[in-house]
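In: Give the three-dimensional model of this entry:
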Amino acid sequence: MAQSAISRFSKLQTDPLRNFRFIVEFRVTGDTGAYTGGPNSYLQFKGGFTSVSGLSIDINSIGYREGGMNTTIHQVPGTTQFQPIALQRGVILGQSEAINWMKQLFSVTSAEGIPGADGTSYRCDLDIYVLDHPMTGVGAGSNPGLISAGDIISSNAYKMKFTVHNAWIQSLRFSDLSATDNSLLYETMTLVHEGLSISLANYGSSVSATLT
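Out: The predicted model follows:
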């Protein structure tokens, strides 16, 4: 039996990306610098999550009919719709960003304003990095195949990036409590947003293609 092209040429560089190595970075909308502290700390952090869902783009169609060509309904593109993003992670002591974010949104909706001297925003951008597996890149010293801790989301480490624009938290849910279970306590935050950018990195080079 003839060997297929995939089995003859398949290797790490051509294998599909794995979906279990990723990290999420939150940053205040429009801010590209490192966070230095302040009232908006709940919008500026990096986190490991168990799952991220809702990464999709849908374009609504508008149907119309015309007298000259009325055997079918014409379809033209309408508005673009982005599904809410749901992020789930285990509840860890000290990680209160989602709770603080929900508190700020409650202050906004109840006309109390946003607390804090410079806490003027309740929106943020998310960068979701799909990391390479196995981890590759340029290291230092005698370990050229290893990546340092500060280089985990550099262009040498991640192979795909989703950027979520102008997001704010819509709901925060916790898993049920039960004395009969032997489970972890999870929190799930659901974010609505206004745009999704997708970047792919070529093997051994920087980002080459972007879909916005």
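
In: what's the neighbour count on K159?
Out: Neighbours of K159 under the rule other Cβ atoms under 10 Å: 20. The way it works is simple: take the backbone N, C-alpha and C, and place the C-beta from them, glycine included.

In: That one is in contact with L17, isn't it?
Out: Yes: checked against Cβ atoms under 8 Å, the pair K159 and L17 is within contact range at 5.7 Å.

In: what touches both of those two?
Out: Common contacts of K159 and L17 (Cβ atoms under 8 Å, 6 or more residues apart in numbering): V130.

In: hang on, G68 in a helix?
Out: Yes: assessed with DSSP: H, G, I helix; E, B strand; the rest coil, G68 lies in a helix.

In: Neighbours of it, how many?
Out: Based on other Cβ under 10 Å, the number of other residues close to G68 is 4.

In: go on, Q95?
Out: Quick note: Q95 (other Cβ under 10 Å) scores 14 neighbours.

In: So what sits opposite the nearest residue to it once chain neighbours are set aside in the bridge?
Out: With sequence-adjacent residues excluded and distances taken as Cβ to Cβ, 6 or more residues apart in numbering, Q95 is closest to G47, at 7.2 Å. Using DSSP bridges, the bridge partners assigned to G47 are V24.

In: Can you give me every residue that contacts G47?
Out: Neighbours of G47 in contact, by Cβ under 8 Å, 6+ apart: 23-26, 89, 95, 97.

In: The nearest residue to T80 once chain neighbours are set aside: which element?
Out: Closest residue to T80 apart from its sequence neighbours, by Cβ to Cβ, 6+ apart: I59 at 5.2 Å. Using DSSP states H and E, I59 sits in strand 57-64.

In: Done for today, thanks.
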